[in-house]
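Enquirer: Build the 3D model from these lines:
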Amino acid sequence: MINYLFRRRLKKTRDQAGEITPQDLDRAQKVVFALFARYGDVIISLSVIKEFIKKYPDKKYFLVTSHQMYPYAKKLLDEQVTVVSFNKRRNPIRLMKIVALLKREKIDLGFNPWSSGDEARFIVSYARKFNFYAGFRGIGNLYDRVRDYLRLPHADRVLPGWKPDRVNRLVICPCSTAPAKSLDQDDLLKLWRQVRQRFPGAAITIALPPQEARNLKVPEKVFVFRKSKAASQAFLNLLEESDLVISVDAGPLHLADKLGLRTIGIFGPTTPLGVLDRVTGVAAVRDPSLTGVFCGVKCRDPRCLHRVLEGDLLDCRVMDHGEVQGEIWELAQCRLE
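Expert: Next up, the predicted model:
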């Protein structure tokens with residue numbers, strides 16, 4: 001039923017979508033953002049939305065997202081943003097209340113960065129003028145794609161300047177939704193041994209999805225990711241109490257960075273320059289033979305990650321990973337074979 005309403009509304013309003021001009025941005029008094037995307041994409045979008053609000057502080061803002069992302073949005077955005085959430089499968093009445101709010105407020109502009117699903121487009125269609133996000137196109141920095149969409153300038157690059165010392169509480173996030181970016185149990189065990197040797201007295205928490213948590217071989221405290229507001233708030237609390245976060249290329253990496261935490265990013269097929277923000281606190285570690293390469297090879301056994309864990313990950317040195325304009329896609333064969 002809800003999906004039918006989405007399609008009906010989008011068909012009715014499809015001719016209203018269009019490019020939003022600088023004049024539209026200056027004149028608008030109320031703006032709505034809709035974020036229904038993957039974990040990392042939502043955190044990226046929230047970060048750039050914060051830049052948008054800073055540039056246009058005199059407007060009234062609304063953000064609609066999922067229950068899972070609600071705590072992160074409340075944490076990362078300013079108080080002038082009204083954040084609401086709903087679950088389209090379980091609470092259609094809540095959705096109708098949000099629609100009534102948008103109608104009552106008479107929203108001027110609508111944006112759905114990194115959220116190309118029907119629920120996000122449905123929400124922003126209640127603005128007087130809206131521009132649908134175009135999605136993934138070619139090689140480029142993930143944050144800058146949202147900046148381009150929202151007509152914001154790109155920042156200069158600033159690399160992190162910290163060292164992994166005086167660590168009493170540490171969180172490890174070894175899993176991504178993409179298997180090629182995730183550590184297997186053997187690599188996670190290698191990482192854990194390095195951490196235990198370097199920080200023998202530290203309290204370590206391994207944050208994992210339910211399936212991986214059931215198979216965990218590491219004798220440490222486990223945090224299980226679940227799709228709920230309470231679970232997201234609990235994970236947010238866990239990160240804020242930590243001295244160091246170690247994560248693969250996934251949502252927790254972006255969240256830790258935006259919370260201002262010292263963070264080590266473990267990269268396999270994806271390049272740090274394309275994934276991380278221009279101003280970042282993440283010390284990125286990647287096999288040097290992949291410099292200049294976005295690897296799109298579908299593999300079940302990511303050698304690039306295995307090789308990273310063969311070295312001392314905690315002896316991370318801040319490196320410049322090249323310029324994104326000079327990087328290429330590798331789609332044919334793994335370069336480490």
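Enquirer: Just after the strand or helix carrying Gln23, pick out the following helix or strand.
Expert: Here Gln23, judged by DSSP states H and E, is contained in helix 22-27. The helix or strand immediately downstream of helix 22-27 is strand 30-35, counting by DSSP H and E.
Enquirer: Check what pLDDT Val324 gets.
Expert: pLDDT recorded at Val324 is 46.
Enquirer: The one 3 residues further on too?
Expert: We have a pLDDT of 58 for Glu327.
Enquirer: now swap in Tyr133 and tell me
Expert: 93.
Enquirer: Ramachandran angles for it?
Expert: Torsion angles at Tyr133 (phi, psi; degrees, to the nearest 10) stand at phi -60, psi 140.
Enquirer: got a list of what it touches?
Expert: Remark: with contacts taken as C-beta atoms under 8 Å, 6 or more residues apart in numbering, Tyr133 is in contact with Phe111, Asn112, Pro113, Trp114, Ser115, Ser116, Tyr149. Just so you know, the C-beta spots here come from the backbone N, C-alpha and C atoms, and that holds for glycine as well.
Enquirer: one step back: report the buried residues of the helix holding Gln23.
Expert: The neighbour-count check on helix 22-27 (16 or more other C-beta atoms under 10 Å) flags Asp24, Leu25 as buried.
Enquirer: Report the backbone C-alpha coordinates of it in CSV.
Expert: These are the backbone C-alpha positions of helix 22-27, laid out as CSV (Å, rounded to 0.1, in the frame of the first residue of the first chain):
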residue,chain,number,x,y,z
PRO,A,22,21.4,30.1,-6.5
GLN,A,23,18.4,32.5,-6.5
ASP,A,24,16.2,29.7,-5.2
LEU,A,25,18.6,29.0,-2.4
ASP,A,26,18.8,32.6,-1.4
ARG,A,27,15.0,33.1,-1.4
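Enquirer: circling back to that earlier point, quick one: least confident of the contacts of Tyr133?
Expert: Lowest pLDDT of the contacts of Tyr133: Ser116, 86.
Enquirer: That one: neighbouring residues, count only.
Expert: Using other C-beta atoms under 10 Å, Ser116 has 15 neighbouring residues.
Enquirer: Against Arg169, how distant is Pro219?
Expert: As judged by C-beta to C-beta, to the nearest Å, Pro219 and Arg169 stand 17 Å apart.
Enquirer: Kindly report the same for Val64.
Expert: Counting by C-beta to C-beta - Val64 and Arg169 are separated by 34 Å.
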